[in-house]
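Participant: with the input below, show me the fold.
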Amino acid sequence: MTQSTEAHLFWLTLTTVLTGLAWVPYVINRFRELGMPGWAWFPAADPPHRADWANRSARAHANAVENLIVFAPLALAVALSGQGDAFTIGVCQTYFWARVGHIGASTAGLPIVPRTVCFLIGVACQLLLAMRLLGWL
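Facilitator: Down below sits the predicted model:
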């Protein structure tokens, strides 16, 4: 495996772990608000979180999952096709930090501008990877 492939997979793995653990804060809040769940086979539907930040965190997690579905195959394809280089590694790294920023800005309740900027940076990264795969970059 080349260093380029390893670097792409490193940033993809970090992004996947970030997305995979983004549920932890709002689930901990859920336990704090409602207590530990019972053993019912069919529990009642969850009420909305009482803490606004937890609702925002849950939405940010859902958005991260939705975007990982686009980013992951692109990053894998670039890495495994041999089309990766320092530029695409930087794109993957930028995507990771954009997702960190989006989750943080969303959860903190920052105004729409920082959250949207982070989101759009992530979308731009996805487009750049796709353009590389299509031979347009």
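Participant: any stretches of this structure with poor pLDDT?
Facilitator: Along the chain, segments meeting pLDDT under 70 span 38-44.
Participant: what is the longest helix along it packed up against?
Facilitator: Using DSSP state H to define each element, the chain has its longest helix at helix 52-81. Where contact means 3 or more C-beta pairs under 8 Å, 6 or more residues apart in numbering; DSSP states H and E, helix 52-81 is packed against helix 3-21, helix 24-34, helix 86-108, helix 112-133. C-beta coordinates here come from the backbone N, C-alpha and C atoms, glycine included.
Participant: just the angle between it and helix 86-108, please?
Facilitator: In terms of direction (axes from the mean of the first three to the mean of the last three C-alpha atoms, to 10 degrees), helix 52-81 departs from helix 86-108 by 170 degrees.
Participant: dead centre of the protein: give me the residue that sits there.
Facilitator: A64 (3.4 Å; C-alpha atoms, centre = their mean).
Participant: for that residue, which non-adjacent residue is spatially closest?
Facilitator: T19 (4.4 Å; C-beta to C-beta, 6 or more residues apart in numbering).
Participant: what about the one you found, how many residues nearby?
Facilitator: Other residues lying near T19 total 21 when counted by other C-beta atoms under 10 Å.
Participant: same thing with the one 4 residues further on?
Facilitator: Neighbourhood size, W23 [other C-beta under 10 Å]: 16.
Participant: who are the contact partners of it?
Facilitator: Applying C-beta atoms under 8 Å, 6 or more residues apart in numbering, one finds that W23 lies in contact with A58, H61.
Participant: kindly provide the distance from it to I121.
Facilitator: As judged by C-beta to C-beta, to the nearest Å, W23 and I121 stand 23 Å apart.
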